[in-house]
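In: coords please:
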Amino acid sequence: MSGDVAARTVRLGFAGTGWIGRLRLGAAMALPQVEVAALCDPAPEALAEAKSVAPSAPCTMDFDQLLALPLDGVVL
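Out: Below you'll find the predicted structure:
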């Protein structure tokens, strides 16, 4: 594996931002190679809480919209 690949930023979307999702979100945000690129949850309250943790991440309540974004992966 080349050094360039290891240093690349990974763009992650988060589907489900309840308490477990927010724990995963916090853990991912602690990693310098991870960019939280999107948040998705059908519950507006959970989405608002996650947005307070990752304020620059775009939000959606629609899973298909999340999957349409240019992401490297989705955390469920």
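In: Helix or strand next in line after the helix or strand where residue 37 lies, which one?
Out: Using DSSP states H and E, residue 37 maps to strand 34-40. Moving toward the C-terminus from strand 34-40, the next helix or strand (DSSP H and E) is helix 44-53.
In: Pull out the buried residues from that following helix.
Out: Buried residues in helix 44-53, counted by 16 or more other Cβ atoms under 10 Å: 46, 47, 49, 50, 51. From N, CA and C alone the C-beta is placed, and that goes for glycine too.
In: Need the contact partners of the helix or strand that comes right after it.
Out: Downstream of helix 44-53, the first helix or strand assigned by DSSP H and E is strand 59-60. The contact list for strand 59-60 (Cβ atoms under 8 Å, 6 or more residues apart in numbering) reads 38, 39, 40, 47, 50, 51, 66.
In: Out of the residues you listed, which is nearest to residue 29?
Out: residue 50 (10.8 Å; Cβ to Cβ).
In: Pull the contacting residues for that closest one.
Out: Applying Cβ under 8 Å, 6+ apart, the residues near residue 50 are 14, 17, 21, 22, 25, 39, 41, 57, 59.
In: Next one: the nearest residue to residue 34 once chain neighbours are set aside relative to residue 44, how far apart?
Out: Leaving aside its sequence neighbours, residue 34 sits nearest to residue 28 (Cβ to Cβ, 6 or more residues apart in numbering; 4.7 Å). From residue 28 over to residue 44 the distance is 22 Å, taken as Cβ to Cβ, to the nearest Å.
In: now swap in residue 76 and tell me
Out: Residue 76 is 19 Å from residue 44, by Cβ to Cβ.
In: so where's the chain shaky on pLDDT?
Out: 1-6 (pLDDT under 70).
In: tell me the contacts of the closest residue to residue 15 other than its chain neighbours?
Out: Distance criterion Cβ to Cβ, 6+ apart; nearest residue to residue 15, sequence neighbours excluded, is residue 40 at 4.7 Å. Residue 40 makes contact with 13-17, 47, 59-63, 65-66, according to Cβ under 8 Å, 6+ apart.
In: let's go with 10 Å and repeat that
Out: Counting by Cβ atoms under 10 Å, 6 or more residues apart in numbering, residue 40 makes contact with 13-17, 21, 47, 50, 57-67, 69, 74, 76.
In: Fine by me, we can end here.
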